[in-house]
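Pasting the sequence and the predicted model now:
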Amino acid sequence: MKNNLRFGRSRFWCVLALLLLTGCVSEAPIKQGFERKDDVVTPPVPLSALNYYPVLHRMTSAEIGRERMVLAALPANPNNQVRMAMVLGHPRGPQDLPKAIALLDAVLKSTDPAAITLQPLARLMLDGYIERQRQDIFSDKQALQLKESQRRVAELQEKIDSLADIERTLPQRPRAQRLPVSGGGR
């Protein structure tokens with residue numbers, strides 16, 4: 001039994017040494033010459049667009065305006081279109097939601113490989129901007145209704161005040177005197 005146990009241990013150590021040695025031997029061949037474009041690792045485009053949002057969020061209103069001019073001067077590629085849509089939809093900058101929606105819609109309809117990688121982000125932004133546009137329209141309608149209600153309240157208050165003035169100017173009626181009721185006539 002002891003021989004069998006020793007044989008098992010020695011076998012384990014041999015297999016372990018063999019595995020370690022084969023791991024050291026399998027090195028990648030050394031590349032010579034220039035690297036191909038396929039070998040260069042670039043970050044995915046949506047990540048760079050997502051990283052742009054926090055940078056944009058830290059900008060002041062003036063910086064956002066300058067960023068808008070810089071992006072307008074750049075060529076219209078999907079990444080720049082998404083960035084421009086972020087600038088156009090940013091709350092602290094000069095908002096132009098219809099233009100931002102049009103840019104995102106163009107990215108969604110594009111078949112460019114860069115646009116395809118940006119389409120999930122563009123869809124999310126587009127949904128948010130459309131919802132914000134709906135909320136703005138709803139808010140504008142509510143503001144108009146509030147103004148109309150306040151106008152009506154003011155008109156009604158004027159009518160009530162006019163009626164109160166008329167009531168004050170009316171001569172007071174003499175009080176009707178009660179006639180004594182005679183109790184013995186029957």
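Here it is on my side, so go on.

can we go C-alpha only for contacts and neighbour counts from here?
OK.

helices and strands around the longest helix belonging to the chain, which ones?
Longest among the helix segments of the chain by residue count, using DSSP state H, is helix 113-169. Other elements packing on helix 113-169 under the criterion 3 or more CA pairs under 8 Å, 6 or more residues apart in numbering; DSSP states H and E are helix 45-57, helix 78-89, helix 97-109.

any idea of the mean pLDDT for it?
What helix 113-169 shows for mean pLDDT is 94.

by how many degrees do it and helix 45-57 diverge?
Angle, helix 113-169 to helix 45-57, by axes from the mean of the first three to the mean of the last three CA atoms, to 10 degrees: 40 degrees.

ok so, going back, burial-wise, tell me which of the helices and strands packed on helix 113-169 comes out on top.
helix 78-89 (a mean of 23; mean count of other CA atoms under 10 Å).

Output the contacting helices and strands for that helix.
Partner elements for helix 78-89 (3+ CA pairs under 8 Å, 6+ apart): helix 45-57, helix 61-73, helix 97-109, helix 113-169.

from those helices, which stretch is densest packed?
Most buried among the helices and strands packed on helix 78-89, counting by mean count of other CA under 10 Å: helix 97-109, with a mean of 19.

what inclination does that helix have with respect to helix 113-169?
150 degrees.

Between helix 78-89 and helix 97-109, find me the angle.
Per the same axes, to 10 degrees, the angle that helix 97-109 makes with helix 78-89 is 160 degrees.

With only the CA atoms kept, save helix 97-109 in CSV.
What follows is helix 97-109, C-alpha atoms only, in CSV (Å, rounded to 0.1, in the frame of the first residue of the first chain):
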residue,chain,number,x,y,z
LEU,A,97,-33.8,68.9,-29.4
PRO,A,98,-35.3,68.6,-33.0
LYS,A,99,-31.8,68.8,-34.5
ALA,A,100,-30.4,66.4,-31.9
ILE,A,101,-33.2,63.9,-32.7
ALA,A,102,-32.5,64.3,-36.5
LEU,A,103,-28.8,63.6,-35.9
LEU,A,104,-29.5,60.5,-33.8
ASP,A,105,-32.1,59.3,-36.4
ALA,A,106,-29.4,59.6,-39.1
VAL,A,107,-27.0,57.4,-37.0
LEU,A,108,-29.8,54.8,-36.5
LYS,A,109,-30.5,54.7,-40.3
